[in-house]
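Peer 1: The following comprises the amino acid sequence and a computationally predicted model.
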Amino acid sequence: DAKTTQPTSMDCAEGRAANLPCNHSTISGNEYVYWYRQIHSQGPQYIIHGLKNNETNEMASLIITEDRKSSTLILPHATLRDTAVYYCIVRAAQGGSEKLVFGKGTKLTVNP
Amino acid sequence: EAGVVQSPRYKIIEKKQPVAFWCNPISGHNTLYWYLQNLGQGPELLIRYENEEAVDDSQLPKDRFSAERLKGVDSTLKIQPAELGDSAVYLCASSLGLAGGLRDEQFFGPGTRLTVL
């Protein structure tokens, strides 16, 4: 079973920041938080991952609470092309290639 | 750089017929995954290969599903015979595997949408 809880859907206005929350209260010390997204009719796409420090890349920022029980993915300036299902995944990254356990994700709709 | 290639993109068959899906991973990626995605759900792992060895096939329904990855590159997933409940999207993904370290990002193909009538 997925170890995360996400809202089913969210809406965001184009050009505004999209903040997608994720609860992972049972996360273990060696588990990372990964985010993927899936645009309609495409396969999932990696966005970002982190352990306990906040992370930022060209796509998004990841804010992880100090107790690591929740996190927020931030798309700073959402565009229509960011409309997708966003998956928050908790995964032990031990240098191997473990499977990703997906939940149902959050359906983000960016409105013009 | 070419991504993960899958074919066909769409397949419609009648129940009890066989069907096969093909996947060509990103060059140099040692690990290959097959996922099943039902409508409205996230993908679920069917099988994972490290090179040509299936290292996790615990979720593969072995009575009707089979997979192979000859020479550790391309892979095929077969269903025989197909059932109505097999209608879904079948996704292939690849990653560097151990060489990828902590990131080990999985790259997904576009999937094959199977409809069983």
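Peer 2: Good, I have the coordinates. Numbers count the residues shown, from 1 in each chain, chains lettered A, B, ... in the order given.

Peer 1: where does the residue nearest to the spatial centre of chain A sit relative to A:I89, distance-wise?
Peer 2: Centroid check for chain A by CA atoms, centre = their mean gives A:W35 as the closest residue, at 3.4 Å. Plainly put, A:W35 is 7 Å away from A:I89 if you go by CB to CB, to the nearest Å. C-beta here means a position set from N, CA and C on the backbone, and glycine is covered the same way.

Peer 1: dump the residue contacts of A:I48.
Peer 2: Contacts for A:I48 (CB atoms under 8 Å, 6 or more residues apart in numbering or on different chains) come out as A:Y34, A:W35, A:E55, A:T56, A:N57, A:M59, A:A60, A:S61, A:L62, A:L73.

Peer 1: Helix, strand, or coil at the first one?
Peer 2: If I follow you right, that is A:Y34. strand (DSSP: H, G, I helix; E, B strand; the rest coil).

Peer 1: Let me know the distance separating it from chain B.
Peer 2: A:Y34 sits 9 Å away from chain B when distances are taken as CB to the nearest CB, to the nearest Å.

Peer 1: doesn't A:Q45 make contact with that residue?
Peer 2: No. Using CB atoms under 8 Å, A:Y34 makes no contact with A:Q45, being 11.6 Å away.

Peer 1: out of those two, which sits in the busier spot?
Peer 2: For the pair A:Y34 and A:Q45, the greater number of neighbours falls to A:Y34 (23 against 16), based on other CB atoms under 10 Å in any protein chain shown.

Peer 1: Tell me the bridge partners for the more buried one.
Peer 2: A:Y34 has the following beta-bridge partners by DSSP bridges: A:H49, A:I89.

Peer 1: ok, A:T4 touching A:K104?
Peer 2: No. With contact defined as CB under 8 Å, A:T4 does not reach A:K104; the gap is 9.9 Å.

Peer 1: which one of the two has more residues nearby?
Peer 2: When neighbours are counted by other CB under 10 Å, A:T4 and A:K104 differ, and A:T4 comes out ahead with 24 against 15.

Peer 1: near chain A, which residues of chain B show up?
Peer 2: Proximity of chain B to chain A is confined to B:4, B:30-31, B:33, B:40-45, B:48, B:50, B:56, B:91, B:93, B:95-98, B:100-111 under the rule CB under 8 Å from any CB of the partner chain.
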